[in-house]
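Trainee: Have a look at this prediction, sequence included:
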Amino acid sequence: MMKWILSSLQETADLGYYMGKQIDQRFLICLDGDLGAGKTTFSKALAKGFGVEDMVTSPTFTLLQEYQGRMPFYHFDVYRLGDEEAFLAQGFDEYWEEDALVVMEWAEMIREILPKDHMEMRFFQTEKEEERIVEVEAFGPVAEALIQQICTFFAAKGEDR
Amino acid sequence: METIRTLSIETSCDETSVAILENGRRILSNVVYSQITVHQAFGGVVPEVASRMHVEKINGVIRQALEEADITLEECDHVAVTYGPGLVGALLVGLTSAKAISYALSKPLVGVNHIEGHIYANFIAHPELKPPFLCLVVSGGHTHLVEMKDYGEYRILGQTRDDAAGEAFDKVARAIGLGYPGGPKIDILSNQGNPEAIDFPRIFLEKGSYDFSFSGLKSSVLNYLHRHRQKGEPVNEADVAASFQAAVIEVLVEKSFRAAKELGYETIVMAGGVSANRHLRRAFQSRAEADGLAFYFPPIELCTDNAAMIGCAGYYQFMAGKRDELDLNAIPSLKLADQG
C-alpha cells in the first residue's frame, strides 16, 4: 500500500486527471472516504482525463451515472445499497465485465464481491481544510502498473516544489 | 369539450403512486404509497427494497385509485407513466404495469420525464397558471433552472454541476446525525438556529452562470463539523443547519430572480421535493413581492413524488399527439433537455 499527501483540492483533481489519462483498458477503481473527503472532486477530474465531456454529477440519488469517454465510464455510489446482496440484485456486477472504466464510491459496502483486479483508494481529511491523505492499494497487474505511474506523478510534483 | 381521463403511474423512487385525472388538471384520485418509514431504518432509499415494495403494492394502488375515482380501467382514455430518471428496478415496475394496461385495453401509452412531471404539479394546484414562466426544480436528485415557454417547450438555463440541492440537505443531515429524509429535518431544526451564525460559502460559479454547485458548500459544512469534533469543541447543530440552509437558499433565490429579470419573466414557479422547505418558500415569496413577480409553488402533497403530476404532463403530451410504443424502456439517467 502506498500513501501520499494531497495538499489542495487542485492536487486531488490533478491526480484524478492524470490517472484518467493513463487508463486505457477495463478497470475498476474503488473510492472510500468520509463525506467531503474528495471523492467527487477526484471522480470529476478522473472522468475528464478519461475523455468524458459531459458534466459529471453526483450518482448518490441515481446510484449509477453512465458516461462515454475513450471507453464507457460508469460512476457508482453504492452507499444507499448498503450491502453485496442489494448490489447483485440490481445486476450491477455486470458492469465490470465490460470494457469500461468503473468508479465506485463507498465500495467498502460491497467488499466481499469485488473482482480480483482493481484499485482501492481511500481519502482521509487532515486538520487542514483542503489537505487530504490518499492511500492506494493495488490488486492485480493492471493496478500495479498504474500505481507505478502514480509514483511518477508524485515524483514529478516533488520536483516542482 | 370532450372529457379526457388519464391514468398515470409513478414508481421512480420510493413512492408507489397511481392517479386518475380529468382533462389534465382535475384530480379524481391520487393514491401515494410511501416507503419512507421502511427506508428510515436504512438512512436512505434502499433500491432493492424499493423495487420489491413497488411490485407488492402496485396492483393494490391501481385498484384503490380506480375506486376513489369511481371509474373502471376501460373508462380511462390513455396511460401516462414515468420512464426516467430514477432507479431502474423501481421504474420498470411502473412501466411494465402501464404497458400491460395499454396493451390489454388498447389505450395509448405516453412516457413522461419525472422532472417535467414536477413542473406540471403546479398546473394542478393553480388552474390560472400557464406558460411562459421560469421554473426552479429542486429535489433529491435534481436542481434545474428551466424556461418553460409553452407546454412541452423548454430551455434549460442551468443545472447542478455536482450534488443536487436535496442531496446536500440529505448529506449534511447525515453528518449532523439527523437521519433521513434530511430536508424536513433541517427545515425544522433550523427554526431554533441562527442562519447568520456561521458564514458558509455561497457558490455562484463564474459570472453570468445559471449553473449550481452544492458539493463545495457540503464539504465546507463537513469540514466545520470535523474541525470542531477533532478539537472536542461543542457544535450548535441548529446553527449549523440554519446557516447551511441559508447558504443554499441565497444561491437559489439570487440565481432564479436574476434569470427572471434578465430574461423578462414575470412569473416564477418552484417544483420538486425541496420546494416543500418552508424557509425556501418564504424567501422566494418575499423576494417575489419585492421584485413585483408572481410566485407559485405546489402544495406539499404535490411537491413530493406523486402520479398526479405525471398524469398532468402526460395529458398535455397526449393532446399534442405524443404516443409511445410498447418497447418504451426505462432510462435511469434520463435528462430534461431543451425541447420545442
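Mentor: Now that the structure is in, tell me what you want to look at. Numbers count the residues shown, from 1 in each chain, chains lettered A, B, ... in the order given.
Trainee: for the chain, where's the lowest mean pLDDT among helices and strands?
Mentor: Looking at chain A here, since you left the chain open. Sorting the helices and strands of chain A by mean pLDDT, DSSP states H and E puts helix A:84-89 at the bottom, at a mean of 82.
Trainee: wait, chain B
Mentor: Ranked by mean pLDDT, DSSP H and E, the weakest helix or strand in chain B is helix B:36-40, scoring a mean of 53.
Trainee: what's the next secondary structure element after that helix?
Mentor: The helix or strand immediately downstream of helix B:36-40 is helix B:47-69, counting by DSSP states H and E.
Trainee: And that next one, how far out from the chain middle?
Mentor: For helix B:47-69, the distance from its own C-alpha centre to the chain's C-alpha centre is 20 Å (C-alpha atoms, centre = their mean, to the nearest Å).
Trainee: what packs against the following helix or strand past that helix?
Mentor: Moving toward the C-terminus from helix B:47-69, the next helix or strand (DSSP H and E) is strand B:78-84. Packing contacts for strand B:78-84, counted by 3 or more C-beta pairs under 8 Å, 6 or more residues apart in numbering or on different chains; DSSP states H and E, involve strand B:5-10, helix B:88-105, strand B:109-113, helix B:114-125, helix B:307-319. C-beta coordinates here come from the backbone N, C-alpha and C atoms, glycine included.
Trainee: now those as TSV including mean neighbour count, mean pLDDT and distance to residue A:153?
Mentor: Formatted as TSV, these follow (neighbours: other C-beta atoms under 10 Å in any protein chain shown; pLDDT from 0 to 100; distance: least, C-beta to C-beta, whole Å):
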stretch	mean neighbour count	mean pLDDT	distance to residue A:153
strand B:5-10	28	98	47
helix B:88-105	21	94	36
strand B:109-113	25	97	41
helix B:114-125	25	96	39
helix B:307-319	29	98	48
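Trainee: Quick one: closest of these to residue A:86.
Mentor: Closest approach to residue A:86 among those is made by helix B:88-105 (10.3 Å; C-beta to C-beta).
Trainee: interface residues of the stretch 151-300 of chain B facing chain A?
Mentor: Selection of the stretch 151-300 of chain B residues close to chain A by C-beta under 8 Å from any C-beta of the partner chain yields B:159-164, B:166-167, B:170-171, B:174-175, B:215, B:218-219, B:221-223, B:226-227, B:230.
Trainee: Any chance of a PyMOL selection covering the buried ones in those residues?
Mentor: Per 16 or more other C-beta atoms under 10 Å in any protein chain shown, the buried members of those correspond to this PyMOL selection:
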select buried, chain B and resi 159+160+161+162+163+164+166+167+170+171+174+175+215+218+219+221+222+223+226
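Trainee: Return the subset of the residues of the stretch 151-300 of chain B next to chain A lying in strands.
Mentor: residue B:159 (DSSP state E).
Trainee: Regarding the residue nearest the centre of chain A, what is its secondary structure?
Mentor: Centroid-nearest residue in chain A, with C-alpha atoms, centre = their mean: residue A:29, separated by 4.3 Å. Put simply, residue A:29 is strand when judged by DSSP: H, G, I helix; E, B strand; the rest coil.
Trainee: how near is it to chain B?
Mentor: Distance of residue A:29 to chain B, computed by C-beta to the nearest C-beta, to the nearest Å: 18 Å.
Trainee: quick one, what contacts that residue?
Mentor: When contacts are counted by C-beta atoms under 8 Å, 6 or more residues apart in numbering or on different chains, residue A:29 touches A:19, A:46, A:101-104, A:118-119, A:121.
Trainee: before we move on, what about residue B:293?
Mentor: B:257, B:260, B:265-268.
Trainee: which strands and helices sit next to the least confident helix or strand of chain A?
Mentor: Applying 3+ C-beta pairs under 8 Å, 6+ apart, we find helix A:84-89 packed against helix B:47-69.
Trainee: quick one: whichever residue of the stretch 151-300 of chain B sits closest to chain A from residue B:143, how far?
Mentor: At 3.4 Å from chain A, residue B:222 is the closest residue in the stretch 151-300 of chain B, using C-beta to the nearest C-beta. As judged by C-beta to C-beta, to the nearest Å, residue B:222 and residue B:143 stand 19 Å apart.
Trainee: pLDDT score assigned to the residue nearest in space to the middle of chain B?
Mentor: When C-alpha atoms, centre = their mean is applied to chain B, the residue found nearest the centroid is residue B:272 (2.5 Å). The score at residue B:272 is 94. That number is its pLDDT.
Trainee: which residues of chain A fall in helices?
Mentor: Secondary structure of chain A (DSSP state H): helices located at A:9-22, A:39-49, A:84-89, A:141-160.
Trainee: now, of those, which is deepest in the fold?
Mentor: Of all these, helix A:39-49 has the most neighbours on average by mean count of other C-beta atoms under 10 Å in any protein chain shown, namely a mean of 24.
Trainee: Figure out how far that helix is from the centre of its chain.
Mentor: Mean-position distance between helix A:39-49 and its chain equals 8 Å (C-alpha atoms, centre = their mean).
Trainee: what about it and chain B, touching?
Mentor: Yes - judged by C-beta under 8 Å from any C-beta, helix A:39-49 comes into contact with chain B through A:40-41, A:44.
Trainee: would you list these in CSV and tack on pLDDT?
Mentor: What follows is the residues of helix A:39-49 next to chain B, written out as CSV (pLDDT from 0 to 100):
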residue, pLDDT
A:40, 87
A:41, 90
A:44, 94
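Trainee: Can you tell me which of those lies closest to chain B?
Mentor: residue A:40 (5.2 Å).
Trainee: residues contacting the closest one?
Mentor: Per C-beta under 8 Å, 6+ apart, neighbours of residue A:40: A:58, B:162-163, B:215.
Trainee: Equivalent analysis for residue B:7, please.
Mentor: B:18-20, B:65, B:73, B:76, B:78-80, B:101, B:107, B:311.
Trainee: How many neighbouring residues does the nearest residue to it once chain neighbours are set aside have?
Mentor: Closest residue in space to residue B:7, ignoring its immediate chain neighbours: residue B:76 at 4.1 Å, by C-beta to C-beta, 6 or more residues apart in numbering or on different chains. A total of 21 residues lie near residue B:76 under the criterion other C-beta atoms under 10 Å in any protein chain shown.
Trainee: Going by distance to residue A:90, which of the residues of helix A:39-49 next to chain B wins?
Mentor: Nearest member of those to residue A:90, counting by C-beta to C-beta, is residue A:40, at 21.8 Å.
Trainee: Enumerate the residues of chain A near chain B.
Mentor: Residues of chain A found near chain B (C-beta under 8 Å from any C-beta) are A:34-36, A:40-41, A:44, A:55, A:57-58, A:60-66, A:79-82, A:85-86, A:89-90, A:125, A:127, A:129.
Trainee: Show me those that map onto strands.
Mentor: Among these, the members falling in strands (DSSP E) are A:64-66, A:125.
Trainee: Go ahead and build a PyMOL selection from the buried members of those residues.
Mentor: Filtering those down to the buried ones (16+ other C-beta under 10 Å) takes a single PyMOL command:
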select buried, chain A and resi 64+65+125
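Trainee: of the ones in strands among the residues of chain A next to chain B, closest to residue B:292?
Mentor: Set against residue B:292, the nearest of these by C-beta to C-beta is residue A:65 (40.0 Å).
Trainee: and that closest one, what is it in contact with?
Mentor: Applying C-beta under 8 Å, 6+ apart to residue A:65 gives the contacts A:56-59, A:74-75, B:333.
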